[in-house]
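Chemist: Output the structure for:
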Amino acid sequence: MSLFNFPAGTKINICVIGDMMLDHYINGSCDRISPEAPVQVVDIRNETYSLGGAGNVLNNLQAFGCHGSIIGICGNDDASEVMKQELLKASPAFYHLVKDDTRRTTIKSRVIVNRHQLIRLDKEDKVYCTDTVAQNIIDIFKSKAAEIDVLIISDYCKGVLSPYLAKRLLDISNANQIITIVDSKHKDLSQYKGATIIKPNKKEAALASGVNIVNDDTLEEACKRIAEVTDCATVVVTLSEDGMAIYHENRLTKIPTKAIEVFDVTGAGDTVIAALGFALANNLSVKEACNFANHAAAVVVAKFGSAVASLNEINNL
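Modeler: From the prediction side, this is the model:
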(Lines give C-alpha, C1' and ligand atoms only; values in the text may rest on other atoms or scores of the structure.)
Protein backbone atom coordinates (compact mmCIF):
# COMPACT_ATOMS: atom_id res chain seq x y z
CA MET A 1 0.00 0.00 0.00
CA SER A 2 1.30 3.47 -0.86
CA LEU A 3 2.37 5.66 2.00
CA PHE A 4 1.07 8.89 0.45
CA ASN A 5 -2.20 8.90 -1.49
CA PHE A 6 -3.54 12.18 -2.83
CA PRO A 7 -7.01 12.41 -4.39
CA ALA A 8 -6.87 12.15 -8.17
CA GLY A 9 -8.42 14.96 -10.17
CA THR A 10 -8.28 17.50 -7.35
CA LYS A 11 -7.55 20.94 -8.74
CA ILE A 12 -4.65 22.35 -6.76
CA ASN A 13 -3.43 25.85 -7.58
CA ILE A 14 0.04 26.69 -6.29
CA CYS A 15 1.87 29.79 -7.46
CA VAL A 16 5.62 30.30 -7.14
CA ILE A 17 7.09 33.81 -7.06
CA GLY A 18 10.79 34.45 -6.72
CA ASP A 19 14.27 34.39 -8.16
CA MET A 20 14.21 32.43 -11.39
CA MET A 21 17.48 31.10 -12.79
CA LEU A 22 18.84 29.01 -15.61
CA ASP A 23 20.99 26.04 -14.64
CA HIS A 24 23.49 25.63 -17.48
CA TYR A 25 25.45 22.37 -17.58
CA ILE A 26 28.54 22.05 -19.78
CA ASN A 27 29.34 18.33 -19.97
CA GLY A 28 32.65 17.03 -21.26
CA SER A 29 35.75 14.92 -20.75
CA CYS A 30 39.25 15.80 -19.65
CA ASP A 31 42.55 13.99 -20.22
CA ARG A 32 45.16 16.74 -20.42
CA ILE A 33 46.48 19.93 -18.82
CA SER A 34 46.64 23.17 -20.79
CA PRO A 35 50.10 24.29 -21.97
CA GLU A 36 48.99 27.88 -21.34
CA ALA A 37 48.36 27.51 -17.60
CA PRO A 38 48.13 24.68 -15.03
CA VAL A 39 44.43 24.09 -15.68
CA GLN A 40 42.46 21.19 -17.10
CA VAL A 41 41.30 21.25 -20.70
CA VAL A 42 37.70 20.12 -21.07
CA ASP A 43 36.47 18.73 -24.39
CA ILE A 44 32.80 19.71 -24.45
CA ARG A 45 30.34 16.99 -25.47
CA ASN A 46 27.08 18.82 -24.91
CA GLU A 47 25.36 21.66 -23.10
CA THR A 48 21.97 21.55 -21.39
CA TYR A 49 19.70 24.04 -19.67
CA SER A 50 17.10 23.59 -16.96
CA LEU A 51 15.07 25.82 -14.67
CA GLY A 52 16.77 26.64 -11.37
CA GLY A 53 15.88 28.63 -8.26
CA ALA A 54 12.14 29.33 -8.21
CA GLY A 55 11.91 27.44 -11.50
CA ASN A 56 13.13 24.30 -9.76
CA VAL A 57 10.29 24.66 -7.24
CA LEU A 58 7.90 24.66 -10.22
CA ASN A 59 9.59 21.52 -11.60
CA ASN A 60 9.06 19.76 -8.28
CA LEU A 61 5.38 20.70 -8.21
CA GLN A 62 4.96 19.32 -11.73
CA ALA A 63 6.66 16.07 -10.66
CA PHE A 64 3.99 15.64 -7.96
CA GLY A 65 1.31 15.95 -10.64
CA CYS A 66 0.39 19.51 -9.71
CA HIS A 67 0.22 22.08 -12.51
CA GLY A 68 1.80 24.96 -10.65
CA SER A 69 2.25 28.48 -11.91
CA ILE A 70 5.15 30.90 -11.68
CA ILE A 71 5.88 34.63 -11.83
CA GLY A 72 9.40 36.00 -12.02
CA ILE A 73 11.84 38.43 -13.58
CA CYS A 74 14.29 38.01 -16.43
CA GLY A 75 16.60 40.29 -18.38
CA ASN A 76 15.99 41.54 -21.89
CA ASP A 77 18.64 39.22 -23.32
CA ASP A 78 19.17 35.94 -25.20
CA ALA A 79 19.09 33.95 -21.97
CA SER A 80 15.53 35.12 -21.33
CA GLU A 81 14.44 33.32 -24.50
CA VAL A 82 16.10 30.12 -23.27
CA MET A 83 14.27 30.53 -19.95
CA LYS A 84 10.98 31.00 -21.79
CA GLN A 85 11.55 27.79 -23.76
CA GLU A 86 12.31 25.86 -20.57
CA LEU A 87 9.13 27.22 -19.01
CA LEU A 88 7.11 26.08 -22.00
CA LYS A 89 8.58 22.57 -21.56
CA ALA A 90 7.49 22.60 -17.91
CA SER A 91 3.92 23.42 -19.02
CA PRO A 92 2.78 25.44 -15.99
CA ALA A 93 -0.84 26.40 -15.40
CA PHE A 94 0.32 29.93 -16.18
CA TYR A 95 3.58 31.84 -16.12
CA HIS A 96 4.66 35.43 -16.45
CA LEU A 97 8.20 36.73 -16.96
CA VAL A 98 8.58 40.43 -16.26
CA LYS A 99 11.42 41.73 -18.42
CA ASP A 100 13.75 44.11 -16.63
CA ASP A 101 16.08 46.03 -18.94
CA THR A 102 18.37 46.90 -16.03
CA ARG A 103 19.39 43.32 -15.18
CA ARG A 104 20.69 40.14 -16.75
CA THR A 105 18.83 36.84 -16.69
CA THR A 106 20.47 34.82 -13.90
CA ILE A 107 22.54 31.89 -15.20
CA LYS A 108 24.56 29.35 -13.21
CA SER A 109 26.99 27.61 -15.57
CA ARG A 110 28.60 24.42 -14.30
CA VAL A 111 31.41 22.54 -16.05
CA ILE A 112 30.94 18.82 -15.40
CA VAL A 113 33.47 16.06 -16.09
CA ASN A 114 32.62 12.46 -15.14
CA ARG A 115 29.78 13.73 -12.95
CA HIS A 116 32.18 15.95 -10.99
CA GLN A 117 31.83 19.72 -11.06
CA LEU A 118 35.08 21.48 -11.95
CA ILE A 119 33.87 25.07 -11.74
CA ARG A 120 30.73 27.18 -11.56
CA LEU A 121 30.34 30.51 -13.34
CA ASP A 122 27.55 32.86 -12.21
CA LYS A 123 26.00 35.64 -14.26
CA GLU A 124 23.58 37.63 -12.12
CA ASP A 125 22.51 41.02 -10.75
CA LYS A 126 21.47 41.15 -7.09
CA VAL A 127 19.98 44.64 -6.72
CA TYR A 128 16.32 44.89 -5.74
CA CYS A 129 13.90 45.32 -8.59
CA THR A 130 12.29 48.75 -8.92
CA ASP A 131 8.83 49.38 -7.51
CA THR A 132 7.59 49.65 -11.10
CA VAL A 133 8.78 46.13 -11.92
CA ALA A 134 7.46 44.89 -8.57
CA GLN A 135 4.05 46.44 -9.27
CA ASN A 136 3.85 44.46 -12.49
CA ILE A 137 4.24 41.25 -10.48
CA ILE A 138 1.75 42.45 -7.86
CA ASP A 139 -0.89 43.21 -10.50
CA ILE A 140 -0.51 39.77 -12.09
CA PHE A 141 -0.68 37.97 -8.74
CA LYS A 142 -3.68 40.02 -7.62
CA SER A 143 -5.57 39.15 -10.80
CA LYS A 144 -4.99 35.43 -10.13
CA ALA A 145 -5.36 35.44 -6.33
CA ALA A 146 -8.94 34.18 -6.23
CA GLU A 147 -7.89 30.87 -7.82
CA ILE A 148 -4.66 30.29 -5.86
CA ASP A 149 -4.50 27.97 -2.82
CA VAL A 150 -0.82 28.32 -1.91
CA LEU A 151 1.84 30.94 -2.63
CA ILE A 152 5.47 29.80 -2.43
CA ILE A 153 8.00 32.61 -2.14
CA SER A 154 11.44 31.47 -3.29
CA ASP A 155 13.93 34.15 -2.25
CA TYR A 156 17.53 33.47 -3.25
CA CYS A 157 18.48 37.13 -2.60
CA LYS A 158 18.87 37.88 -6.31
CA GLY A 159 16.72 41.00 -6.13
CA VAL A 160 13.20 39.95 -7.06
CA LEU A 161 11.74 39.94 -3.53
CA SER A 162 12.12 43.56 -2.51
CA PRO A 163 10.50 44.60 0.81
CA TYR A 164 7.89 46.50 -1.21
CA LEU A 165 6.97 43.40 -3.23
CA ALA A 166 7.11 40.97 -0.30
CA LYS A 167 4.73 43.03 1.84
CA ARG A 168 2.14 43.41 -0.87
CA LEU A 169 2.23 39.74 -1.86
CA LEU A 170 1.59 38.76 1.76
CA ASP A 171 -1.17 41.37 2.14
CA ILE A 172 -2.95 40.03 -0.95
CA SER A 173 -2.47 36.42 0.19
CA ASN A 174 -3.83 37.03 3.69
CA ALA A 175 -6.80 38.94 2.30
CA ASN A 176 -7.60 35.94 0.08
CA GLN A 177 -6.80 33.24 2.68
CA ILE A 178 -3.89 31.92 0.63
CA ILE A 179 -1.35 29.76 2.49
CA THR A 180 2.10 31.36 2.19
CA ILE A 181 5.39 29.46 2.43
CA VAL A 182 8.62 31.47 2.47
CA ASP A 183 12.07 30.08 1.71
CA SER A 184 14.47 32.99 2.03
CA LYS A 185 18.23 33.36 2.37
CA HIS A 186 17.83 36.83 3.89
CA LYS A 187 19.24 37.42 7.34
CA ASP A 188 16.42 39.87 8.10
CA LEU A 189 13.10 38.05 7.75
CA SER A 190 10.96 40.91 9.06
CA GLN A 191 9.76 41.71 5.53
CA TYR A 192 7.89 38.38 5.61
CA LYS A 193 5.75 39.29 8.60
CA GLY A 194 2.41 37.53 8.28
CA ALA A 195 3.57 34.48 6.32
CA THR A 196 2.08 31.10 7.19
CA ILE A 197 5.33 29.10 7.15
CA ILE A 198 8.96 30.21 7.21
CA LYS A 199 11.38 27.49 6.02
CA PRO A 200 15.09 28.16 6.57
CA ASN A 201 17.85 25.58 6.73
CA LYS A 202 19.92 25.32 9.91
CA LYS A 203 22.53 27.88 8.83
CA GLU A 204 19.88 30.35 7.65
CA ALA A 205 17.91 29.91 10.89
CA ALA A 206 21.03 30.69 12.92
CA LEU A 207 21.75 33.84 10.90
CA ALA A 208 18.15 35.06 10.95
CA SER A 209 17.71 34.50 14.69
CA GLY A 210 21.19 35.39 15.92
CA VAL A 211 21.27 32.10 17.83
CA ASN A 212 24.18 29.67 17.53
CA ILE A 213 22.34 26.38 17.02
CA VAL A 214 24.22 23.59 18.79
CA ASN A 215 21.43 21.51 20.36
CA ASP A 216 17.64 21.19 20.56
CA ASP A 217 17.32 24.02 23.11
CA THR A 218 19.13 26.53 20.90
CA LEU A 219 17.24 25.23 17.86
CA GLU A 220 13.96 25.89 19.64
CA GLU A 221 15.12 29.37 20.68
CA ALA A 222 16.09 30.17 17.08
CA CYS A 223 12.67 29.04 15.81
CA LYS A 224 10.92 31.05 18.52
CA ARG A 225 12.76 34.24 17.54
CA ILE A 226 11.98 33.74 13.85
CA ALA A 227 8.32 33.16 14.70
CA GLU A 228 8.24 36.35 16.76
CA VAL A 229 9.87 38.45 14.01
CA THR A 230 7.64 37.13 11.23
CA ASP A 231 4.45 36.41 13.21
CA CYS A 232 4.23 33.16 11.25
CA ALA A 233 2.20 30.13 12.31
CA THR A 234 5.02 27.62 11.75
CA VAL A 235 8.78 27.53 11.34
CA VAL A 236 10.21 24.49 9.52
CA VAL A 237 13.99 24.07 9.67
CA THR A 238 15.73 21.57 7.43
CA LEU A 239 18.66 19.95 9.26
CA SER A 240 20.42 18.06 6.46
CA GLU A 241 21.42 14.60 7.77
CA ASP A 242 19.53 15.29 11.03
CA GLY A 243 16.16 15.53 9.32
CA MET A 244 13.72 18.35 9.95
CA ALA A 245 12.44 20.45 12.86
CA ILE A 246 8.90 21.83 13.16
CA TYR A 247 8.09 24.72 15.48
CA HIS A 248 4.32 24.91 15.68
CA GLU A 249 2.03 26.17 18.44
CA ASN A 250 5.09 27.07 20.56
CA ARG A 251 6.39 23.52 20.48
CA LEU A 252 9.40 21.98 18.73
CA THR A 253 9.15 18.57 17.06
CA LYS A 254 11.97 16.84 15.20
CA ILE A 255 11.59 14.15 12.55
CA PRO A 256 14.62 12.10 11.45
CA THR A 257 15.87 12.07 7.88
CA LYS A 258 14.56 9.44 5.49
CA ALA A 259 17.63 9.66 3.25
CA ILE A 260 19.41 6.36 2.66
CA GLU A 261 22.13 7.82 0.44
CA VAL A 262 23.19 11.46 0.04
CA PHE A 263 24.79 12.18 -3.32
CA ASP A 264 23.96 15.85 -4.00
CA VAL A 265 21.94 18.27 -1.84
CA THR A 266 21.54 20.80 -4.69
CA GLY A 267 17.92 21.95 -4.87
CA ALA A 268 16.74 19.91 -1.86
CA GLY A 269 15.29 23.04 -0.27
CA ASP A 270 13.24 23.66 -3.42
CA THR A 271 11.85 20.14 -3.14
CA VAL A 272 10.92 20.68 0.51
CA ILE A 273 8.91 23.86 -0.05
CA ALA A 274 7.19 22.40 -3.12
CA ALA A 275 6.26 19.30 -1.12
CA LEU A 276 5.00 21.37 1.81
CA GLY A 277 2.84 23.46 -0.49
CA PHE A 278 1.46 20.44 -2.32
CA ALA A 279 0.65 18.56 0.89
CA LEU A 280 -0.99 21.54 2.62
CA ALA A 281 -3.06 22.28 -0.49
CA ASN A 282 -4.27 18.68 -0.21
CA ASN A 283 -5.40 19.38 3.37
CA LEU A 284 -2.65 17.50 5.20
CA SER A 285 -1.69 18.76 8.64
CA VAL A 286 1.59 20.61 9.14
CA LYS A 287 3.24 17.51 10.63
CA GLU A 288 1.94 15.27 7.82
CA ALA A 289 3.11 17.80 5.22
CA CYS A 290 6.60 17.87 6.78
CA ASN A 291 6.71 14.07 6.77
CA PHE A 292 5.88 14.07 3.06
CA ALA A 293 8.50 16.78 2.39
CA ASN A 294 11.08 14.79 4.35
CA HIS A 295 10.50 11.75 2.12
CA ALA A 296 10.62 13.86 -1.04
CA ALA A 297 13.95 15.40 0.00
CA ALA A 298 15.37 11.92 0.64
CA VAL A 299 14.67 11.01 -2.98
CA VAL A 300 16.30 14.07 -4.55
CA VAL A 301 19.51 14.06 -2.47
CA ALA A 302 20.28 10.63 -3.92
CA LYS A 303 20.32 12.18 -7.42
CA PHE A 304 22.73 14.49 -9.25
CA GLY A 305 21.96 18.19 -9.68
CA SER A 306 18.64 19.96 -9.13
CA ALA A 307 16.47 16.85 -9.26
CA VAL A 308 12.79 16.18 -8.59
CA ALA A 309 10.87 13.41 -6.85
CA SER A 310 7.74 11.74 -8.22
CA LEU A 311 5.00 10.36 -5.99
CA ASN A 312 5.96 6.82 -7.04
CA GLU A 313 9.59 7.40 -6.01
CA ILE A 314 8.51 8.84 -2.67
CA ASN A 315 6.21 5.92 -1.93
CA ASN A 316 8.83 3.38 -3.05
CA LEU A 317 11.26 4.88 -0.55
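
Chemist: Contact partners for the nearest residue to residue 44 once chain neighbours are set aside?
Modeler: Nearest non-adjacent residue to residue 44, counting by CB to CB, 6 or more residues apart in numbering: residue 28, 4.3 Å away. In this view, the C-beta of every residue, glycine as well, is placed from N, C-alpha and C. Applying CB atoms under 8 Å, 6 or more residues apart in numbering to residue 28 gives the contacts 42, 43, 44, 45, 111, 112, 113.

Chemist: will you turn those into JSON lines that also has pLDDT?
Modeler: Formatted as JSON lines, the contacts of residue 28 follow (pLDDT from 0 to 100):
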{"residue": "42", "pLDDT": "96"}
{"residue": "43", "pLDDT": "96"}
{"residue": "44", "pLDDT": "96"}
{"residue": "45", "pLDDT": "96"}
{"residue": "111", "pLDDT": "97"}
{"residue": "112", "pLDDT": "94"}
{"residue": "113", "pLDDT": "95"}
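
Chemist: Inside strands: which ones of those?
Modeler: 42, 43, 44, 45, 111, 112, 113 (DSSP state E).

Chemist: Out of those, which comes closest to residue 105?
Modeler: residue 111 (19.5 Å; CB to CB).

Chemist: Quick check: the two most widely separated of the ones in strands among the contacts of residue 28?
Modeler: 43 and 112 (12.4 Å).

Chemist: Which one's more surrounded, those two?
Modeler: residue 112 (19 against 10; other CB atoms under 10 Å).

Chemist: Is the more buried one in contact with residue 48, as I believe?
Modeler: No. Between residue 112 and residue 48 there is no contact under CB atoms under 8 Å: 9.7 Å.

Chemist: contacting residues around stretch 210-219?
Modeler: With CB under 8 Å, 6+ apart, stretch 210-219 has contacts from 202, 205, 206, 221, 222, 225, 237, 245, 252, 254.

Chemist: Select only the buried ones of those in PyMOL?
Modeler: Applying 16 or more other CB atoms under 10 Å to the contacts of stretch 210-219, the buried members can be selected in PyMOL as follows:
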select buried, resi 202+205+206+221+222+225+237+245+252
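
Chemist: Now pLDDT too, for the contacts of stretch 210-219, in CSV please.
Modeler: Putting those into CSV (pLDDT from 0 to 100) gives the following:
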residue, pLDDT
202, 94
205, 97
206, 97
221, 97
222, 98
225, 98
237, 96
245, 95
252, 96
254, 93
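
Chemist: Show only the entries of the contacts of stretch 210-219 found in helices.
Modeler: 202, 205, 206, 221, 222, 225 (DSSP state H).

Chemist: can you give me the offset of the helix or strand encompassing residue 30 from its chain's centre?
Modeler: Here residue 30, judged by DSSP states H and E, is contained in strand 20-33. Remark: strand 20-33 is offset 23 Å from the chain centroid, using CA atoms, centre = their mean, to the nearest Å.

Chemist: Now distance to residue 75 too, for the ones in helices among the contacts of stretch 210-219, in JSON lines please.
Modeler: Shown next, in JSON lines, are the ones in helices among the contacts of stretch 210-219 (distance: CB to CB, whole Å):
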{"residue": "202", "distance to residue 75": "33"}
{"residue": "205", "distance to residue 75": "32"}
{"residue": "206", "distance to residue 75": "33"}
{"residue": "221", "distance to residue 75": "41"}
{"residue": "222", "distance to residue 75": "36"}
{"residue": "225", "distance to residue 75": "37"}
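
Chemist: Overlap of the contact sets of residue 112 and residue 48?
Modeler: By CB under 8 Å, 6+ apart, the residues touching both residue 112 and residue 48 are 25, 27.

Chemist: buried ones in stretch 294-306?
Modeler: Quick answer for stretch 294-306 (16+ other CB under 10 Å): 294, 295, 296, 297, 298, 299, 300, 301, 302, 303, 305, 306.
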